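J.: Here is a sequence with its predicted model. Questions after.
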Amino acid sequence: MSAVEILVKPLMRHRVSELVALEHAATDFPWTLKMYEDSLDADYWGGVLCRGQQLLGAAVVSSGAGESHLLNMFIAIEQQGQGLGRLLLTTACQHARHVDAAKMFLEVRVGNGRAITLYESVGFRQIGVRKDYYPGLLGREDAVCMALNLMQAGV
Ligand SMILES: CC(C)(COP(=O)(O)OP(=O)(O)OC[C@H]1O[C@@H](n2cnc3c(N)ncnc32)[C@H](O)[C@@H]1OP(=O)(O)O)[C@@H](O)C(=O)NCCC(=O)NCCS
């Protein structure tokens, strides 16, 4: 990894199209430009992982009524497996604490073992399943619903 510092910066509208292109290469089901723009319009927290000017990944969190929801997260395909997903996730959790959320929720595809392992490793636990929640490559796919107690978690 380069010696240039890796930082989480606020999501900025003028870099959304770059993020969308990066996410397209990283996952079969990327967020669209409109989803990012709607999140900015709604004042959701967007965190972009950067090394200098290079974008490495992003996460979006909505918050309200003492709860936060991780709406999206990805790391650029060629940057995965270096601990950046964990860094971005813990930063998103710290943001949730900062806005006084007691719990953080997320949904993840049942087949996304890699993300589920990451979420469990920071303390998220399964609280339910949403049947046929996502469109899939071969029909619909269930979502695992997970929650993190921010009062107890060590992140
Ligand atoms: C899921 C994702 C964000 C993880 O990011 P990452 O930078 O590769 O993850 P990290 O390197 O920080 O690894 C964090 C943990 O994930 C798990 N993990 C990483 N690679 C894994 C693999 N190939 N298999 C299983 N678990 C894996 C491990 O628990 C790992 O922790 P460890 O290295 O201490 O064992 C990334 O793979 C991604 O962007 N995937 C496509 C988009 C996506 O699925 N987003 C989540 C939607 S809910």
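T.: Thanks, I have it.

J.: which residue does the protein bring closest to the ligand?
T.: Closest approach between the chain and the ligand, counting by Cβ to the nearest ligand atom: Gly85, at 2.2 Å. Where you see a C-beta, it was placed from the backbone N, CA and C, and this is true even at glycine.

J.: tell me the contacts of Pro30?
T.: Remark: with contacts taken as Cβ atoms under 8 Å, 6 or more residues apart in numbering, Pro30 is in contact with Val20, Glu23, His24, Phe74.

J.: swap the cut-off to 10 Å and go again
T.: Neighbouring residues of Pro30 by Cβ atoms under 10 Å, 6 or more residues apart in numbering: Leu19, Val20, Ala21, Leu22, Glu23, His24, Asn72, Phe74.

J.: ditto for Gly52
T.: Applying Cβ under 10 Å, 6+ apart as the definition, the contact partners of Gly52 turn out to be Ser2, Val4, Glu5, Ile6, Leu7.

J.: Please tabulate those in a markdown table and include secondary structure as additional columns.
T.: Listed next are the contacts of Gly52 as a markdown table, based on DSSP: H, G, I helix; E, B strand; the rest coil:
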| residue | secondary structure |
| --- | --- |
| Ser2 | coil |
| Val4 | coil |
| Glu5 | coil |
| Ile6 | strand |
| Leu7 | strand |
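
J.: Low-confidence stretches in this structure?
T.: Low-confidence segments of the chain, defined by pLDDT under 70, are located at 1-3.

J.: tell me how far stretch 29-43 is from the chain's mean position?
T.: Centroid separation between stretch 29-43 and its chain, computed with Cα atoms, centre = their mean, to the nearest Å, is 13 Å.

J.: same check, this time on stretch 143-155
T.: Worked out by Cα atoms, centre = their mean, stretch 143-155 lies 13 Å from the chain centre.

J.: can you pull up the bridge partners for the most centrally placed residue in the chain?
T.: What sits nearest the mean C-alpha location of the chain, by Cα atoms, centre = their mean, is Met73, with 2.3 Å. Beta-bridge pairing for Met73 (DSSP bridges): Ala59.
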